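Visitor: sequence? don't have it. structure:
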């Protein structure tokens, strides 16, 4: 049951694993958030045209456009959005330096408890920044 003290966030979930997208959207929906999913960088960028998001959770290893490039394009369109990177890969030094464009980074696999805690943390960050 969602907490009364929390706000509803509009979240864009981007990952090329459909089952992960579905499970994440259900978990965050139960927490009271509104989620839209995208399975590629192009779908994520198209979703941005449909409305404003408070938060985007991006897999870095997308099939068409890597998550770093998607994050750059999202930031250029909506600089106020919070960004979280997810990856199951070992990052190169260059990739690790690029993580500064994200508000948070989480290594996969992400458990439901980790996902809830991540969104709560980003929600607090959004409140203190705004």
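Guide: Great, that's in hand. Just so it is clear, the model here is predicted, and its values are computed rather than measured.
Visitor: Now do the contacts for the residue nearest in space to the middle of the chain.
Guide: Geometric centre of the chain, nearest residue: residue 57, 0.9 Å, by C-alpha atoms, centre = their mean. Going by C-beta atoms under 8 Å, 6 or more residues apart in numbering, residue 57 touches 11, 12, 13, 14, 15, 24, 84, 86, 118. C-betas here are computed from N, CA, C, even on glycine.
Visitor: sec struct for the second one, please.
Guide: Reducing the assignment to helix, strand or coil with DSSP: H, G, I helix; E, B strand; the rest coil, the entry for residue 12 is strand.
Visitor: need the contact list for it.
Guide: So residue 12 contacts 35, 36, 37, 38, 44, 47, 48, 53, 55, 56, 57 (C-beta under 8 Å, 6+ apart).
Visitor: Buried among the contacts of residue 57? Make that a PyMOL selection.
Guide: Listed next is the PyMOL selection for buried residues among the contacts of residue 57, using 16 or more other C-beta atoms under 10 Å:
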select buried, resi 11+12+13+14+15+24+84+86+118
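Visitor: What angle do strand 10-14 and the longest helix belonging to the chain make with each other?
Guide: In the chain, assigned by DSSP state H, the helix with the most residues is helix 112-129. Here the directions of helix 112-129 and strand 10-14 differ by 130 degrees (axes from the mean of the first three to the mean of the last three C-alpha atoms, to 10 degrees).
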